[in-house]
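S.K.: test case, fold it:
(chains A and B)
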2 protein chains.
Amino acid sequence: MVRVEVKLKKGHFDPEGDVTARSLKDLGFPVNNVRVSKVYTVDVSVGDEKEAMSLAREMCRKLLANPTKDDFIIEVLTGEGGAD
Amino acid sequence: MVRVEVKLKKGHFDPEGDVTARSLKDLGFPVNNVRVSKVYTVDVSVGDEKEAMSLAREMCRKLLANPTKDDFIIEVLTGEGGAD
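M.R.: Numbering: from 1, shown residues only, chains lettered A, B, ... in the order given. Have a look, this model is predicted:
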């Protein structure tokens, strides 16, 4: 299992975060700013952690992240079914 | 700063995860399943960690999570600017 978090690079405009911040303010919360990112929990058939990490990096490059605007963080989850 | 991860409860259908899994398989990755969740990094003006946690819980109940289908995990980030 691999956990991939994809988030906008600093300085990139985050419309979903801005709308969420405004809604939270409208509800009375003392919020200054919100940034939204996405997490993919991928169940992948691999031999070891190193292979999982390398495959996840390739998945980010080919599909999950946009190199122009996204950063990504990969974490290999060991053990079974931990993060669903 | 508070980090809120909102994820579908187990058993709930995740169409975005399914489409992502199919696309990854089409690209040749040995993927069995993908689940997608969302992370809100909220910059909130509060006095202490306890207040931040309690406010974040309220934000989830009122806006960020759907109690019928979502689970949420709250983490208070101490120090400044750690997670952007």
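
S.K.: so for stretch A:27-47, mean pLDDT?
M.R.: Averaged across stretch A:27-47, the pLDDT comes to 95.

S.K.: do that stretch and chain B meet at all?
M.R.: Yes - interface with chain B: stretch A:27-47 contributes A:27, A:29-46 (CB under 8 Å from any CB of the partner chain). Every residue, glycine included, has its C-beta placed from N, CA and C.

S.K.: return the subset of the residues you listed lying in strands.
M.R.: A:31-44 (DSSP state E).

S.K.: redo these as TSV? Include distance to A:His12 and neighbour count.
M.R.: Converted to TSV, these look like this (distance: CB to CB, whole Å; neighbours: other CB atoms under 10 Å in any protein chain shown):
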residue	distance to A:His12	neighbour count
A:Val31	19	22
A:Asn32	18	12
A:Asn33	13	15
A:Val34	14	25
A:Arg35	9	23
A:Val36	11	19
A:Ser37	11	24
A:Lys38	14	19
A:Val39	18	20
A:Tyr40	19	26
A:Thr41	24	22
A:Val42	24	26
A:Asp43	29	17
A:Val44	28	20
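
S.K.: quick check: A:Arg3 is in a strand.
M.R.: Yes - counting by DSSP: H, G, I helix; E, B strand; the rest coil, A:Arg3 is found in a strand.

S.K.: I figured A:Leu8 hits A:Phe72, correct?
M.R.: No - with contact defined as CB atoms under 8 Å, A:Leu8 does not reach A:Phe72; the gap is 10.8 Å.

S.K.: could you measure from A:Asp14 over to A:Arg57?
M.R.: Distance, A:Asp14 to A:Arg57, by CB to CB, to the nearest Å: 24 Å.
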